[in-house]
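> whatever this is, show me its structure:
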Amino acid sequence: MLASTKVEQPIHRSVVCKPYTKDKLSTVGINIMSMVNVFVTLMILYLPYLTLAEELFSGQMELRITSLGATESIRCTKENQGNDLVVWNHNEENVSINDILSASDPDHRNRYSVQSDDANGHYDLQIKYIKPEDTGIWECKYGPQKQVEHLIKSVSIVIPPYDGFPTCDISSSSPSISVGDSFQLTCNSGGGFPPPTLRWVRNGVELSRTNEANVLVLDRLAELSDTDVQYSCEIQSLALKTSRNCTQTVTVKEGSSSSIMFDALAIFGILCGVFLFFIIMMAIAWGNGRSKAIKQTNEKIRKSTETLAETNPNLVRPYSTVTLSSVATLN
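Alright, predicted model coming up:
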């Protein structure tokens, strides 16, 4: 007898795929666009430094951090290139050919020099009394005449900002800042060549940026949300290992200065009105009292006169017609 075999039925699970709603799609689209905008913004802001940073990190370029007035010596070594020329240039302008200066500026000719050692292939550049104009990229190349294209060495000379910088200052049109008042924030990098990147930040949001000057000014209108808020100025430079920053706290009073002035004038007007009202009331009260006193006095005089007349009829009553009883005797 065959044993009965139980066959299990496969389990079918239904999966419902719900399409994105319009709100979810719009949210995803906004997030993607925000990420793209952030990426593009960062690329634009840091593009000038990308090539330089790439060369620095790859070891092709040396970063030389110096200071104003210092002396820098940079060695360039040519190995087994025969009679090829060795050229030093600064920011793509020729400074020397072998050990002969080609710079036309008298100041450069006094401060620049190249010491050559043909036996060892050394062509050492020396820069005395470093100035801001000496910063930038220095390159040593070799090659036959008119084709000096082979790079031997590349050096970027930079000068960091002074210690203790940046500094943050605030100035306003009035001693105390109220809502609607204008105020100005000034950030000073304290030098640095090439100029460092300066940026003003409020609550993590960048408000302004420059890499073309050593001072960054931010003009603002005070808002109530500015109360006890710290504005931060940050500087970034290839000459600094880490960024530096300073902060400035803004204290804003509720109500604008114009509304405060209006309120003060309104209070003054109310006080003047109350004072005038009391003056008028006192004048009315004084007038009523004086009139009443006069009436009382006249009444007393009248009563006194009537009493006197009753006791002595021959006296003339005031305010009445008197008939004389005496008879005139004619001669």
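
> please name the residues that touch residue 207.
199-201, 218, 231 (Cβ atoms under 8 Å, 6 or more residues apart in numbering). (Glycine included, C-beta is placed from N, CA and C.)

> list buried residues within these.
Buried members of the contacts of residue 207, counted by 16 or more other Cβ atoms under 10 Å: 199-201, 218, 231.

> picking up where we left off before, strands - which of the contacts of residue 207 land there?
Of these, the ones assigned to strands by DSSP state E are 199-201, 218, 231.

> and the residues you listed as CSV, adding distance to residue 171 and pLDDT?
As requested, these are exported to CSV (distance: Cβ to Cβ, whole Å; pLDDT from 0 to 100):
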residue, distance to residue 171, pLDDT
199, 20, 97
200, 15, 97
201, 19, 96
218, 11, 96
231, 13, 96
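
> can you pull the domain assignment for the protein?
25-59, 61-158, 167-253 (automatic domain parsing).

> start and end of the last one, how far apart?
If I follow you right, that is domain 167-253. Using Cα to Cα, to the nearest Å, one end of domain 167-253 lies 25 Å from the other.

> quick one: neighbours of residue 141, just the number.
By the measure other Cβ atoms under 10 Å, the count of residues near residue 141 is 21.

> which residues does it contact?
Contacts of residue 141 by Cβ under 8 Å, 6+ apart are 86-87, 89, 148-152.

> buried ones only from those residues, please, as a PyMOL command.
Buried residues among these (16+ other Cβ under 10 Å), as a PyMOL selection:
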select buried, resi 86+87+89+148+152
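
> element containing residue 292, please.
Using DSSP states H and E, residue 292 sits in helix 257-311.

> let me see the mean pLDDT of that helix.
The pLDDT scores in helix 257-311 average 73.

> roughly how far out does that helix sit from the chain middle?
A distance of 60 Å separates the centroid of the chain from that of helix 257-311, by Cα atoms, centre = their mean, to the nearest Å.

> low pLDDT regions in the chain?
1-59, 81, 255-264, 308-309, 312-331 (pLDDT under 70).

> rerun at 50
Applying pLDDT under 50 to the chain flags residues 1-18, 20, 24-25, 28, 38, 40-42, 44-59, 257, 319-331.

> can you pull out the helices in it?
22-58, 106-111, 257-311 (DSSP state H).

> what sits up against stretch 119-133?
66-81, 86, 88, 95-96, 98-99, 111-117, 134, 138, 140, 157, 159, 193.

> buried residues, it. List them.
By 16+ other Cβ under 10 Å, the buried positions in stretch 119-133 come out as 121, 123-125, 127, 130.
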